[in-house]
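Engineer: turn this into a structure:
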Amino acid sequence: MKVIDGGVTAAKGFEAACCEANIKYKDRTDMAMVYSVKPCECAGTFTSNVVKAACVQWDQKIVYSGEHMQAVVVNSGIANACTGKEGFEACESTARAVEKELGVPFANVAVASTGVIGMQLPVDKLVNGVAAMSKTLDGSLEAGTAAAKAIMTTDTIHKEVAVTFEIAGKTVTLGGMSKGSGMIHPNMCTMLGFLTTDLAIEKSLLQEALSEVVKDTFNMITVDGDTSTNDTLLIMANGLAENETISTKGADYQTFVDALFYVCEFLAKKMAGDGEGASKLFEAKVVNAKSKEDARTLSRSIVASNLSKAAIYGCDANFGRFLCAMGYSGAQFDQNDVELFFESKEGRLQVFDKGTPIVFDEEKATKILGASEVTIYVDMHEGSEEATAWGCDLTYDYVKINADYRS
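Structural biologist: Down below sits the predicted model:
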């Protein structure tokens, strides 16, 4: 596998566009479109929140019905969640606008929204945006980057990545973009994400690969404990790499899964590190746990704890906060088996050893915790399973951002 420049337009046959639709923002692009020159097999994962946005329900129908997908239209600023019948009508109007402009059946057009909950989308602006973007679709890497920027809300950086890999002598490309900064908490994929590949693969295997990879990537991030109403991760595969269609779980399938894991993990970590108000990426790695689920539960509990996040922000070597978060996680373990370490580019320091605190150098601990990426490393000594979760520190700016989000 090779990491290359680009995002959603890196794979063959994919184009993107964006525009200033003035849906909420007045001084930036706020709509994006991703389009394939041929219909795609598709798969998706969606929010576990019972309150699902209209666009989530629209996309679920496409993915679960077995329909192909050929285009995705995304807006930022308004979430189209808790919007009743009018919200569904906005989805259909957007999809029918794509059908009118590009000839893509409206049932093959996905839609996604991000922003304020409870506001109605201005349908005329959506339709006008589709018309404008349909005329500017472009397969360049720059067009993909522009689309990644257009879907941002409180994100401070755009998020995209692309890789190539070999399948039976054919070069296959997989790219993606995502957005997410607040309302990030594991329970699906807590964000908007769009992946594109020119791989030929059967739909059922595409869905299985995505669902499995999500468990240890997007499901392992948290910023604020809030699972969004709009979480959507979609992948489109158009087959233009011309490999023999993957229809069984052999070596070729595993090669694809490995590439998919890299792309999803990269985007997940970018989102965690760009959490609202964040100054650091906060990672928890749990090793030698009794079960995979225990490892996931423990690591997620550490990064989700507000007290842990505050300690990371303050460079406070208060290791008891991390142990406390493990203790109420629901996983059962013996604290007398646990070792805990602080890690970063500044070094590694053990602070807890099988039930007993260790006298450590506070100055060194502060330096380690002061790095831009900090890891809490926990050895459970109870098995062989491991998992890693990602989050960010909790700063004053998180409250500032969310106190006036609608203004």
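Engineer: pLDDT on the top strand by length along the chain, on average?
Structural biologist: Secondary structure of the chain per DSSP state E: the longest strand is strand 31-46. The average pLDDT for strand 31-46 rounds to 97.
Engineer: and it, how far out from the chain's middle?
Structural biologist: 16 Å (Cα atoms, centre = their mean, to the nearest Å).
Engineer: also stretch 168-185?
Structural biologist: 8 Å.
Engineer: pLDDT weak spots in the stretch 201-350 of the chain?
Structural biologist: The model of the stretch 201-350 of the chain has pLDDT under 70 over residues 223-228, 273, 275-278.
Engineer: one more pass at 90, please.
Structural biologist: Counting by pLDDT under 90, the stretch 201-350 of the chain has low-confidence residues at 218-231, 268-281, 304, 306, 310, 316.
Engineer: okay, buried residues for whichever strand or helix holds residue 378 please.
Structural biologist: Per DSSP states H and E, residue 378 falls inside strand 373-379. Neighbour-count burial for strand 373-379 flags 374, 375, 376, 377, 378, 379 (criterion: 16 or more other Cβ atoms under 10 Å). C-beta here means a position set from N, CA and C on the backbone, and glycine is covered the same way.
Engineer: turn those residues into CSV, including pLDDT and distance to residue 73.
Structural biologist: Output for the buried residues of strand 373-379, formatted as CSV (pLDDT from 0 to 100; distance: Cβ to Cβ, whole Å):
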residue, pLDDT, distance to residue 73
374, 94, 38
375, 97, 38
376, 97, 40
377, 98, 42
378, 98, 43
379, 98, 47
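Engineer: give me every residue that touches residue 163.
Structural biologist: Residue 163 sits next to 1, 2, 3, 4, 173, 174, 175, 259, 262, 263 when contact means Cβ atoms under 8 Å, 6 or more residues apart in numbering.
Engineer: closest to residue 342 out of the residues you listed?
Structural biologist: When those are compared for distance to residue 342 (Cβ to Cβ), residue 262 wins out at 26.6 Å.
Engineer: count of neighbours near that closest one?
Structural biologist: 18 (other Cβ atoms under 10 Å).
Engineer: over to the one 3 residues further on?
Structural biologist: Counted with other Cβ under 10 Å, the neighbours of residue 265 add up to 19.
Engineer: list the buried ones in the helix or strand containing it?
Structural biologist: Using DSSP H and E, residue 265 sits within helix 251-273. Neighbour-count burial for helix 251-273 flags 252-253, 255-257, 259-273 (criterion: 16+ other Cβ under 10 Å).
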